[in-house]
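K.L.:
Just to be clear, the model below is a prediction. Sequence and coordinates:
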Amino acid sequence: MQMLNSQYYCRRCGNYEQRLFYRYFCEKCQQHCWYCRSCVNFGIVTTCTHIVVDTQEFSLDSVVYAWNGQLSCAQAEASRMIREWICQQKTGMVYAVCGAGKTEMMFEGIYAALEAGKRICWATPRTDVVKELQPRLQQAFPQTKLASHYQNSPDGQLDAQLVLATTHQLVRYYQAFDCIIIDEVDAFPYTVDTKLARFAERALNEQGHFIYLTATPSQQLRRKFQENQYEIWQLPGRYHRRALPVPKYCLWGTSRKIITTRFLRKKLFRHLQTLIENDRVVMIFVPTIHCGEVFIGALSTEFGSQCDFVHSQDPDRQEKVQKLRERTLKILVTTTILERGVTINWCEVVVLDADHEVFDWSALVQISGRVDRKNSDQYASILFIGEAKTRAMMVAIKEIQACNKLAKKRGLIE
């Protein structure tokens, strides 16, 4: 905490809004101290608090690039561009549809950075995405120490040349990285919590740069890139050369109405049973935890142990997702916690109460991106179930159709 131009400024989170500073009597220095309420959840920082920066050099490990997968022509072109951005320390954005293989397209650029002795961080707003990425990055760079940081992560204070972290965890770094990859830059809470972007800026060294990854860039982010003349690389098609599945409207009413109306309940359950009989698994997205709890109760009477429910407060959600992958579970009811970064083979998607405000257009595009992600999958469907069509639903469908149109024009899909 310090004074700048007669106003308080938080050196940890970058907050300068005076309404977020508060004074209290400090037992430590025995006088009145000010503290920042913007980042108080990370531990209190007062005017008498000293922030210690550890300048110890990280160790350079030998770099072995062990990923032996094959990129499509479009992916390889994007990969070369990313490598060029990293080598030339240029900020850029990869705007690629869900399932386009953004993770694998980053590997060549990361390899070039590690070879050059640069320090790199892959940051994402959600813990589940960190856990999903960790084994993939470790497999690609088996001899490189990888520090993985999220709330209560086992790595603790481990530091490394390659860091994987939630954007909240960037608070622990100061001018540490040559490059920070912000994955899912449009995701909650990064989009609504301005201090997370300040953490990222503070964690970047003076010559450093960002690479943003997204399937659903906001208009605000696009304008920012145009104003700063940053490059955007768009990839509108998936590697398997099939068009993105387009969601269908089902105006059956609310989830409550479906549960309490015998005809509608039987109609939905019959649809789910048909999918299971065709050896598919189903992700059913709901807007709230309460809605999920009510619906799983009704679903369990029909499908028993074949179904389960996950949400952000569920400590067993990783195990339940794994059961869906292993097909021990056939139906997984989930909140938007699983809208991103999760790949399930032969998966179908149903969105209940799709007209709820929590399902904005980007969330609906991301949810739709859970299906048809693997080369072996030839069939997939997405149902938006609600009382009426919303602007978010229509924008999401138009976005998917626009990507398909552009992909066809560029010869990326059959």
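P.N.:
Cool, got the structure.
K.L.:
State the mean pLDDT of the longest helix that the chain contains.
P.N.:
Longest helix in the chain, counting residues (DSSP state H): helix 391-409. Helix 391-409 carries an average pLDDT of 96.
K.L.:
just use 318 as the starting number from now, easier for me
P.N.:
In the new numbering, first residue 318, that becomes helix 708-726.
K.L.:
and Cys350, that one's in a strand?
P.N.:
Yes: the assignment for Cys350 by DSSP: H, G, I helix; E, B strand; the rest coil puts it in a strand.
K.L.:
The longest strand anywhere in the chain pairs with which strands, and in what direction?
P.N.:
The single longest strand within the chain, with elements called by DSSP state E, is strand 521-531. Applying DSSP bridges to the sheet, strand 521-531 is found paired with strand 409-413 (parallel), strand 494-500 (parallel).
K.L.:
Ok, which of those strands comes nearest Trp384?
P.N.:
Across the strands paired with strand 521-531, Trp384 has its closest neighbour in strand 494-500 (16.1 Å, Cβ to Cβ). All C-beta spots, glycine's among them, are computed from the backbone N, C-alpha and C.
K.L.:
just checking, Ile549 touches Gly409?
P.N.:
Yes: using Cβ atoms under 8 Å, Ile549 makes contact with Gly409 at a distance of 7.0 Å.
K.L.:
Kindly provide the distance from the residue nearest to the spatial centre of the chain to Ala520.
P.N.:
By Cα atoms, centre = their mean, the chain has its centre lying nearest to Glu501, at 4.2 Å. Using Cβ to Cβ, to the nearest Å, Glu501 is found at 17 Å from Ala520.
K.L.:
Now the element after the helix or strand of the chain with the lowest mean pLDDT, going C-ward?
P.N.:
Using mean pLDDT, DSSP states H and E, strand 319-321 stands out as the lowest-scoring helix or strand of the chain, at a mean of 69. The helix or strand immediately downstream of strand 319-321 is strand 324-326, counting by DSSP states H and E.
K.L.:
In its sheet, which strands sit next to that next one, and in what direction?
P.N.:
Strand pairing for strand 324-326, determined by DSSP bridges: strand 319-321 (antiparallel).
K.L.:
Poorly predicted segments of the stretch 418-567 of the chain, please.
P.N.:
The stretch 418-567 of the chain contains no residues with pLDDT under 70.
K.L.:
residue ranges for the strands of it, please.
P.N.:
437-441, 463-466, 479-483, 494-500, 521-531, 548-552, 565-567 (DSSP state E, counting those that start in this stretch).
K.L.:
Over to the stretch 618-731 of the chain?
P.N.:
Using DSSP E, counting those that start in this stretch, the strands of the stretch 618-731 of the chain run over 624-627, 648-651, 664-668, 699-702.
K.L.:
and the second one, what other elements does it pack with?
P.N.:
Right, strand 648-651. Strand 648-651 sits against strand 598-602, helix 606-620, strand 624-627, helix 634-642, with contacts defined as 3 or more Cβ pairs under 8 Å, 6 or more residues apart in numbering; DSSP states H and E.
K.L.:
For those, could you give me JSON lines that also reports distance to Gln486 and mean neighbour count?
P.N.:
Shown next, in JSON lines, are the helices and strands packed on strand 648-651 (distance: least, Cβ to Cβ, whole Å; neighbours: other Cβ atoms under 10 Å):
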{"stretch": "strand 598-602", "distance to Gln486": "27", "mean neighbour count": "24"}
{"stretch": "helix 606-620", "distance to Gln486": "25", "mean neighbour count": "17"}
{"stretch": "strand 624-627", "distance to Gln486": "23", "mean neighbour count": "22"}
{"stretch": "helix 634-642", "distance to Gln486": "18", "mean neighbour count": "17"}
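K.L.:
Show me the one of the ones you listed that comes nearest Leu530.
P.N.:
helix 634-642 (21.4 Å).
K.L.:
Which other helices and strands does the closest one contact?
P.N.:
Helix 634-642 sits against helix 444-457, strand 624-627, strand 648-651, with contacts defined as 3+ Cβ pairs under 8 Å, 6+ apart.
K.L.:
close enough to count as contact, Leu581 and Lys574?
P.N.:
Yes: if you go by Cβ under 8 Å, Leu581 and Lys574 touch, sitting 6.6 Å apart.
K.L.:
how deep is Ser679 tucked in, by neighbour count?
P.N.:
Other residues near Ser679 come to 24 when the count uses other Cβ atoms under 10 Å.
K.L.:
One more: Asn358?
P.N.:
10.
K.L.:
now it: how far from Tyr490?
P.N.:
For Asn358, the distance to Tyr490 - Cβ to Cβ - is 17 Å.
K.L.:
now Lys640
P.N.:
35 Å.
K.L.:
again, but for Asn595
P.N.:
48 Å.
K.L.:
neighbour-wise, which of those two wins?
P.N.:
More neighbours surround Tyr490 than the other of Asn595 and Tyr490, with 24 against 10 (other Cβ under 10 Å).
K.L.:
That concludes my questions; thank you for your assistance.
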